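[1] pasting the structure only:
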Ligand SMILES: [Zn+2]
Ligand SMILES: [Zn+2]
Ligand SMILES: [Zn+2]
Ligand SMILES: [Zn+2]
């Protein structure tokens, strides 16, 4: 996957200039003042698209120091670019490093601590690729001609379209380069991603690509199983469906927000789905949930006190 990237890494161009930092804005190409600011914004746009591409070529999550190996920027400048882009593009977290083989549950837990470093161990900055790009749901039903979301076959993006080998027979597009899709990708600052990289990005951001959530679990008062009569034999995720959609207002919530544990890992394995993508989805969802909760709390404080918990 890396081969496609190598030439960009070596080519001196805007990627290098963006952080070569010649003092303040006024000395940058594009002149002083507003023009300089605009130049930096454009350089950031190109750089962020490239960083998203690198991240997605590496599974959508990397340590800052590894990401740095792909751009000629100092660590401080790379951090500054990522921060300017904001958590809607790159989620940065200090996580504690641990020995031993990679572990899905530990990866999720690493970002949830009260603060990395409290254990006294070495820490590193973890960077996640975040995006607001989504597949258009109405397009899947043949009901949308054009909008600001991606018009792509959902099953194809999951690698499960029955028309995979002869996709001309699928009524939905498998082509990320149709004029509509190119426009959407451009407007979200995602130019240059190939299909595999876009798939990685969507898998960790778009709820519609998340494995099937049990609807029965999400009904009823039973905390453990809801109305699901299959209980432990159920082959769908027993998690809060609002959390998966990024819309759960409750903290704490009586339904599970834990997408990664022994039972779901087993489901992912049985259904040949990517554990790493669900780990990333969980990390990003926890961030989104915290943000939503904070917003609701602030709203509530202004009007009628904090929201009631169920
Ligand atoms: Zn649409
Ligand atoms: Zn298809
Ligand atoms: Zn169930
Ligand atoms: Zn919930």
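    Arrived safely, thanks for sending. Quick caveat: nothing in here was measured; it's all calculated off a predicted structure. Residues are numbered from 1 along each chain as shown. Ligands and ions are numbered 1, 2, ... in the order given.
[2] distance check, the nearest residue to residue 238 once chain neighbours are set aside against residue 47.
    In space, and not counting its chain neighbours, residue 238 is closest to residue 217: 4.4 Å by C-beta to C-beta, 6 or more residues apart in numbering. Backbone N, C-alpha and C define where each C-beta goes, glycine included. Residue 217 is 43 Å from residue 47, where distance means C-beta to C-beta, to the nearest Å.
[3] centre of the chain to stretch 287-299, how far?
    From the chain centre to the centre of stretch 287-299 is a distance of 18 Å (C-alpha atoms, centre = their mean, to the nearest Å).
[4] over to stretch 289-307?
    Stretch 289-307 sits 24 Å away from the centroid of its parent chain (C-alpha atoms, centre = their mean).
[5] how far away is residue 232 from ligand 4?
    Counting by C-beta to the ion, to the nearest Å, the separation of residue 232 from ligand 4 is 21 Å.
[6] secondary structure class for the nearest residue to that residue once chain neighbours are set aside?
    Of all residues not flanking residue 232 in the chain, residue 263 sits nearest, at 7.3 Å (C-beta to C-beta, 6+ apart). With DSSP: H, G, I helix; E, B strand; the rest coil as the basis, the three-state label of residue 263 is helix.
[7] burial of residue 263, as a residue count?
    Residue neighbour count, defined by other C-beta atoms under 10 Å, stands at 14 for residue 263.
[8] quick check: it vs ligand 1, distance?
    Noted for residue 263: a distance of 35 Å to ligand 1, by C-beta to the ion.
[9] pLDDT at that residue, what is it?
    Residue 263 is assigned 91 on the pLDDT scale.
[10] quick check, distance from whatever helix or strand residue 45 lives in to the centre of its chain.
    Assigned by DSSP states H and E, residue 45 falls within helix 33-57. When C-alpha coordinates are averaged (C-alpha atoms, centre = their mean), helix 33-57 and its chain have centres 18 Å apart.
[11] same thing with stretch 189-199?
    Remark: stretch 189-199 is offset 13 Å from the chain centroid, using C-alpha atoms, centre = their mean.
[12] all helices for the stretch 201-310 of the chain, in order.
    Using DSSP state H, counting those that start in this stretch, the helices found in the stretch 201-310 of the chain span residues 241-244, 262-270, 275-303.
[13] tell me if the first one is near ligand 3.
    No - Helix 241-244 lies out of reach of ligand 3 by C-beta under 5 Å from the ion, never closer than 11.5 Å.
[14] can you pull the buried residues of stretch 75-86?
    Going by neighbour count (16 or more other C-beta atoms under 10 Å), the buried part of stretch 75-86 is 77-79, 81-82, 85.
[15] circling back: elements contacting the helix holding residue 45?
    Contacts defined by 3 or more C-beta pairs under 8 Å, 6 or more residues apart in numbering; DSSP states H and E place helix 33-57 against helix 14-17, strand 61-63, helix 64-68, helix 75-85, strand 90-96, strand 123-129, helix 195-203.
[16] tally of neighbours for residue 38?
    Residues near residue 38, counting by other C-beta under 10 Å, number 13.
[17] show me the shaky parts of this protein.
    Across the chain, the ranges flagged by pLDDT under 70 are 1-32, 113-119, 164-168, 303-310.
[18] give me the most central residue, it.
    Central residue of the chain (C-alpha atoms, centre = their mean): residue 130, 3.5 Å from the mean position.
[19] residue 210 and residue 284 touch, don't they?
    No - taking contacts as C-beta atoms under 8 Å, residue 210 lies outside contact range of residue 284: 11.3 Å.
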